[in-house]
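J.: Sequence first, predicted model second:
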Amino acid sequence: MGTSASQEKYDFAQLSIALVCGLTFMLTTLFICVAPLSGQIAGGRDFVVYWATGQQLAHHANPYDRDAMARIEQGVGLPIAYGVGFMRNPPWGLPLALPLGWIGLRAATFLWSLVLLACLICSIRMLWLMHGRPTNNLHWLGYSFAPALVCLIAGQTALFALLGLVLFLRLYRAHPFVAGASLWLCALKPHLFLPFGVVLVTWIMVSRSYKILAGGAAAMAASCAIVYATDPTAWVDYAQMMRTSGIEKEFIPCFSIVLRLWLSPQTMWLQYLPVALGSIWGLAFFWPRRQSWDWMRDGSPLMLVSILLAPYCWLFDQAVVIPALLQGAYLTRSRMLLAILAFVSVLIEVETLCGFRLTSACYLWIAPAWLAWYLFARATAGKPRIDLLPSE
């Protein structure tokens, strides 16, 4: 009787989480699909920058030309007060924006939103398969994860990085070359993966998984070749843009930037000190586990630390911790922890929709909260439930 009542409570908790998360996900999906059709630009400034970059590339022009970019962005209604935006991803990511140069803004907005949505859906689906096709509804925590939904609304590229990470986790054993190639998507935002990347390179050398290295090198070479064909001076122009963009004056709510601003605002190396220490911790964490290292299990805390200590990290960039948090959700036996994760995610999305700017200091607590939640989830892990076992 007691076991049955407990199971009924657990089933009710799962259903409640699925309903709340599902509703949040569907409302966000509706918004990003309807907004372009109603004349609005999904993603606003962020997507216009990608589209303007594609327009320049399609005409073999400089995507870091301030005057040209200002003319394109303001020509489609971007307010002058926003300033001139540039695609700050490394130049090897320019092929991502190139197709946008061949289509109009409204169609590009709609297609971009659909591609980002597909990245999220495919990532969660693969994670569900990797965890053995559990019959519970916990995967909805991934679909409704606030940073991922904010990324959808903002039209940002963190969901491409999420897809690359999940593809690597799924394929690194059976298809190492393809797994390595998928890391190109993670390289769109390399600053989010620094401790993770340091350990990855070390693991490749220790395990002699050179096919992963070859796959990554092949994907990088292909993208750089495309960049050279469309804009031979891209790297020089990018370096000049980064020197003059004033990014060091921007406030981004993350630990590393707050540390620099607190200690010495002009000392840029302080911003990279936490991630350097995090990389050393990552190697210390990896070395005793090197013979039995599993990227799905052991990579989760590594990814959470990488995000916490990143030299800069926006709220939407935190979408890449979905694999770690879903792993914790499948491990924990605490219904309370699952409810907390769902509640916090919905709370963050409500705050964002209510007008909290992404530069608000109120978002500082979020990255540490994901790591703390994961550690509690691991601490409350029990024996695997029957619905978490792989299906026959």
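T.: Great, that's in hand. Numbering: from 1, shown residues only.

J.: For the host helix or strand of residue 374, C-alpha coordinates in CSV please.
T.: For residue 374, the host element (DSSP states H and E) is helix 366-379. Listed in CSV are the C-alpha atoms of helix 366-379, where the atom choice follows Å, rounded to 0.1, in the frame of the first residue of the first chain:
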residue,chain,number,x,y,z
ILE,A,366,21.8,31.2,-12.1
ALA,A,367,25.0,29.4,-13.2
PRO,A,368,26.1,28.6,-9.6
ALA,A,369,22.5,27.3,-9.0
TRP,A,370,22.8,24.8,-11.8
LEU,A,371,26.0,23.4,-10.3
ALA,A,372,24.5,23.2,-6.8
TRP,A,373,21.4,21.6,-8.1
TYR,A,374,23.4,18.9,-9.9
LEU,A,375,25.5,18.1,-6.9
PHE,A,376,22.4,17.7,-4.7
ALA,A,377,20.8,15.5,-7.4
ARG,A,378,23.9,13.3,-7.5
ALA,A,379,23.9,13.1,-3.7
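
J.: Show me what it is packed against.
T.: Here helix 366-379 touches helix 295-308, helix 322-331, helix 335-353, going by 3 or more C-beta pairs under 8 Å, 6 or more residues apart in numbering; DSSP states H and E. Any C-beta I mention is one placed from the backbone N, CA and C, and that applies to glycine too.

J.: Looking at those, which one is packed in the most?
T.: Mean neighbour count (mean count of other C-beta atoms under 10 Å) peaks for helix 322-331 among these, with a mean of 24.

J.: could you give the angle of it to helix 335-353?
T.: 150 degrees (axes from the mean of the first three to the mean of the last three C-alpha atoms, to 10 degrees).

J.: one step back: weakest of the helices and strands packed on helix 366-379 by average pLDDT?
T.: Mean pLDDT is lowest for helix 335-353 among these, at a mean of 83.

J.: picking that back up, what about the helix holding residue 374, average pLDDT?
T.: Averaging pLDDT along helix 366-379 gives 94.

J.: what separates it from the chain centre, distance-wise?
T.: From the chain centre to the centre of helix 366-379 is a distance of 17 Å (C-alpha atoms, centre = their mean, to the nearest Å).

J.: Ok, stretch 48-65 next?
T.: 23 Å.

J.: in it, what counts as buried?
T.: Within stretch 48-65, the residues that count as buried by 16 or more other C-beta atoms under 10 Å are 48-58, 61-65.

J.: ok, of those residues, which one's closest to residue 121?
T.: Nearest to residue 121 out of these is residue 50 (C-beta to C-beta; 20.6 Å).

J.: So that closest one: helix, strand or coil?
T.: Using DSSP: H, G, I helix; E, B strand; the rest coil, the structure places residue 50 in helix.

J.: for the closest residue to it other than its chain neighbours, what are its contacts?
T.: Spatial nearest neighbour of residue 50, chain neighbours left out: residue 97 (4.9 Å); criterion: C-beta to C-beta, 6 or more residues apart in numbering. The contact partners of residue 97, taken as C-beta atoms under 8 Å, 6 or more residues apart in numbering, are 50, 51, 53, 54, 57, 63, 87.
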